[in-house]
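Asks: sequence first, then the predicted structure, then my questions.
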Amino acid sequence: QVQVVESGGGLVQAGGSLRLSCAASGSIFSIPVMGWYRQLPGKQRELVASITSGGSTNYADSVKGRFTISRDNAKNTVYLQMTGLKPEDTAVYYCNADVRTERWQTTQYRYWGQGTQVTVSS
């Protein structure tokens, strides 16, 4: 099995910064893609940013220029540096890891963390 654990959420004033971390552990051969999603109350989970093992990144338009995603492949860890935070960034942030569990298997399984609350006050 694979475990995904996030940390780093909290309360911050508008304009402030937070750094989220997420570590995957367990039966892992490789993690081609890791990412961050967020979910506002009553809304669907949406992609914030993703990053491949080669370092290619993808961002939601709403966070471009303010958030930076990075990863440490050796530690199976992904980070989300958030700057210029706005009240509308308030949400539960979820980390995901698309995992290959065996060298001979190309199927990827998506695992989610438990979520971490980010609250931005105005």
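Replies: That came through, no problem. Numbering: from 1, shown residues only.
Asks: which ones are touching residue 6?
Replies: 20-22, 93-95, 113-116 (Cβ atoms under 8 Å, 6 or more residues apart in numbering). Quick note: C-beta positions are derived from backbone N, CA and C, even for glycine.
Asks: please identify the helix or strand for the most centrally placed residue in the chain.
Replies: The chain has residue 36 as the residue nearest its centroid, 2.5 Å off, counting by Cα atoms, centre = their mean. Here residue 36 sits within strand 30-39, counting by DSSP states H and E.
Asks: how near is the residue nearest to the centre of the chain to residue 105?
Replies: 25 Å (Cβ to Cβ, to the nearest Å).
Asks: next up, the contacts around residue 17.
Replies: Residue 17 touches 81-85, counting by Cβ under 8 Å, 6+ apart.
Asks: looking at these, spot the one nearest residue 56.
Replies: residue 81 (17.3 Å; Cβ to Cβ).
Asks: ignoring the adjacent residues along the chain, who's closest to the closest one?
Replies: Closest residue in space to residue 81, ignoring its immediate chain neighbours: residue 68 at 4.5 Å, by Cβ to Cβ, 6 or more residues apart in numbering.
Asks: now residue 26
Replies: Closest to residue 26 by Cβ to Cβ, 6+ apart is residue 2, at 4.1 Å.
Asks: now for the one you found, how many residues are close by?
Replies: 16 (other Cβ atoms under 10 Å).
Asks: got it, and residue 89?
Replies: 22.
Asks: what sits against it?
Replies: Contacts of residue 89 by Cβ under 8 Å, 6+ apart are 38, 63, 82, 118, 120.
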